[in-house]
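**Student:** Pasted the sequence and its predicted model underneath.
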Amino acid sequence: MDRNTIKAIFIYIGTIIGAGFASGKEITHFFAIYGAKGICGILITSILFSIIPIIVLLEIKKYNIKTYDSLLINILGKRIGKYVDFILSLYLFISYSIMIAGGATILKERFNINFFHGIIIMSILTLIVFIFSIKGLSYANLILIPILIIGIVFIGCYIIYINGLNFSNYNGINITKNGNWLTSALLYVSYNSLSSIVILVTIEELLKNKKEIIKVGLFGGSILGIMALFILIPLLIRYTDVIGVEVPMIAISSNISDMFLYSYTFIILSAMFTTAIGSGFSLISRMNKKVKLNKNMLAFFLILISIPLSYIGFSNLITSLYPLFGCLGLFIISFILVDKLLAFIKVR
């Protein structure tokens, strides 16, 4: 496979794998709560994570789109597109701040590093990536994403090996505030797709043709599905022990050994970092088209103004803001899928 295609796949995966995904918090909330039915939800999610980048990237190539505001206007029309552009820019800023806050929280809890110092450490590391632009983004993901994939699959397999496939939450419940397992899966894809749609505009330059675009979708969606399954199954096995726990996979790993605990801590920090650089880089690229400042200066300002928001706290930000952006994501994804369906019917 072409090296640039691999870079594009890893950047796409890295943008979606955030703190909630790797920690098991999102997987518990959207899938494990439904018991074994959550596995069906993961399969639906994997399929959609494969289809969406293919559709969006083909649209970007077809109309030679260079910025995500142009993509939104192309999909939603000029009037709605401008409003959504503003909201999406706000989402990217909040997403970046959430990941910085999450990283600082982990550093404080596991390594006793002052919360403010943790924010500074995470911010400086992201700034280094931003300075190297798309090369920095791609190399960071080339290093971290394989570690994430191997780490999650290995630890998941080990937990299954020592416990067997004995689910403590097999039946689960049928209805939650997210609806049933199917609507929960759709909501999960929708809010995760917000940042991924934006990053697709950036990685388009790495892809030459339709064949490479299809590979990004198929490999990206499949790998995300596999990783999610190897988080979901251990959660279903140990569900009664970790329900209500802030970071379920850390709780499970800590019961095995200190080595597993610190290994999974690194996995979560890496997941936060890849999402932070994906969201931050997309926002910087967008603002660079609007204001007469170079990207390095914009990166510095992004870090500076994100620090106060990061102090709100990781859990508070996720609980209060992510559901709202999930609705926006569902709106955009529905527009894309309906538009393509109507185009297909018209051709037929």
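**Tutor:** That came through, no problem.
**Student:** Phi, psi for Val247 please.
**Tutor:** Dihedral pair for Val247: phi -130, psi 90, per degrees, to the nearest 10.
**Student:** Could you list which residues are in contact with it?
**Tutor:** Applying CB atoms under 8 Å, 6 or more residues apart in numbering to Val247 gives the contacts Ser23, Gly24, Lys25, Ile268. The C-beta positions use only the backbone N, C-alpha and C, and glycine is treated the same way.
**Student:** looking at the chain, which helix or strand is least sure?
**Tutor:** helix 314-347 (a mean of 66; mean pLDDT, DSSP states H and E).
**Student:** Where does Met287 fall, secondary structure wise?
**Tutor:** Per DSSP states H and E, Met287 falls inside helix 258-290.
**Student:** tell me the average confidence for that helix?
**Tutor:** Mean pLDDT, computed over helix 258-290, is 89.
**Student:** start at 348 instead
**Tutor:** New numbering, starting at 348: the last item is helix 605-637.
**Student:** who touches the helix or strand that that helix is followed by?
**Tutor:** Going down the chain from helix 605-637, the next helix or strand is helix 642-657, by DSSP H and E. Applying CB under 8 Å, 6+ apart, the contact partners of helix 642-657 are 440-441, 443-445, 447-448, 451, 466, 470, 473-474, 477-478, 480, 627, 630-632, 634-635, 638, 640, 664.
**Student:** Can you report how many residues lie near Ile494?
**Tutor:** The local packing of Ile494 (other CB atoms under 10 Å) involves 13 other residues.
**Student:** ranges for the helices of the stretch 448-597 of the chain?
**Tutor:** For the stretch 448-597 of the chain, helices defined by DSSP state H, counting those that start in this stretch occupy the ranges 462-478, 480-510, 528-550, 557-584, 586-589, 595-601.
**Student:** Let me have these in JSON lines, extended by distance to Lys429 and mean pLDDT.
**Tutor:** Listed next are the helices of the stretch 448-597 of the chain as JSON lines, based on distance: least, CB to CB, whole Å; pLDDT from 0 to 100:
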{"stretch": "helix 462-478", "distance to Lys429": "26", "mean pLDDT": "93"}
{"stretch": "helix 480-510", "distance to Lys429": "26", "mean pLDDT": "91"}
{"stretch": "helix 528-550", "distance to Lys429": "15", "mean pLDDT": "84"}
{"stretch": "helix 557-584", "distance to Lys429": "27", "mean pLDDT": "95"}
{"stretch": "helix 586-589", "distance to Lys429": "43", "mean pLDDT": "88"}
{"stretch": "helix 595-601", "distance to Lys429": "40", "mean pLDDT": "87"}
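**Student:** Which among these is found nearest to Arg426?
**Tutor:** With distances scored as CB to CB, the stretch of those nearest to Arg426 is helix 528-550 (19.1 Å).
**Student:** ok, the residue lying closest to Ile506 once chain neighbours are set aside - contacts?
**Tutor:** Distances taken as CB to CB, 6 or more residues apart in numbering put Pro581 closest to Ile506, at 4.0 Å, once the chain neighbours are dropped. Neighbouring residues of Pro581 by CB under 8 Å, 6+ apart: Gly371, Ile502, Gly503, Ile506, Ile507, Asn510, Met596, Ile599.
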